[in-house]
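A.B. asks: Sequence and predicted model, in that order:
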Amino acid sequence: MIEIVNDGFLKIFKELHGFKPVFENEEISLKGWIKRIMINTAIDHHRKYHKQQQMSGSENETALDKTAYKSETALDKLSYDEIMQKVKSLSPVYRTVFNLHVIDGLTHEEIAAKLGISVGASKSNLFKAKLNLKKMLEPNHSVLYE
């Protein structure tokens, strides 16, 4: 646990010079950015730990455990940087709504008020952002909405 926190803060301090606020309120942007880095650091450590367990060939592994390792999806193999690159390639409108909802945890009502759009537009933009990300994460992807 301490190793994950240390690695997360190390990533934050290494990349702090490149931080660019996404929203007018820099504090909210920074909190969301830090939260996302810490979450993804924990996910990366979890994946690394399970990969090391798999490679060690523990004798106590059951057939079910071996099947679970083999069923690892392409999404499980993506790193934080790869996923963030995909998010950054979304159109500015989709990316903004996606970041506000998924990373910062705002409701559609809060997003609508903040961006001066309707709640329906916020929901629609989030849906299209997720759809585009899903397509980008599939092999031989093509973007549906621009």
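C.D. replies: Perfect, thanks for sending it.

A.B. asks: dump the residue contacts of residue 42.
C.D. replies: 4, 8 (C-beta atoms under 8 Å, 6 or more residues apart in numbering). Quick note: C-beta positions are derived from backbone N, CA and C, even for glycine.

A.B. asks: From residue 5, how far out is it?
C.D. replies: Residue 42 sits 9 Å away from residue 5, taking C-beta to C-beta, to the nearest Å as the criterion.

A.B. asks: Also residue 112?
C.D. replies: Distance from residue 112 to residue 5, by C-beta to C-beta: 35 Å.

A.B. asks: more neighbours, the two?
C.D. replies: residue 112 (18 against 12; other C-beta atoms under 10 Å).

A.B. asks: contacting residues for that one?
C.D. replies: Neighbouring residues of residue 112 by C-beta under 8 Å, 6+ apart: 118, 119, 121, 122.

A.B. asks: Same question for residue 103.
C.D. replies: 32, 33, 35, 36.

A.B. asks: quick check, nearest of these to residue 108?
C.D. replies: Residue 108 lies nearest to residue 32 out of the contacts of residue 103, by C-beta to C-beta, at 16.7 Å.

A.B. asks: Please consider this matter closed, and thank you.
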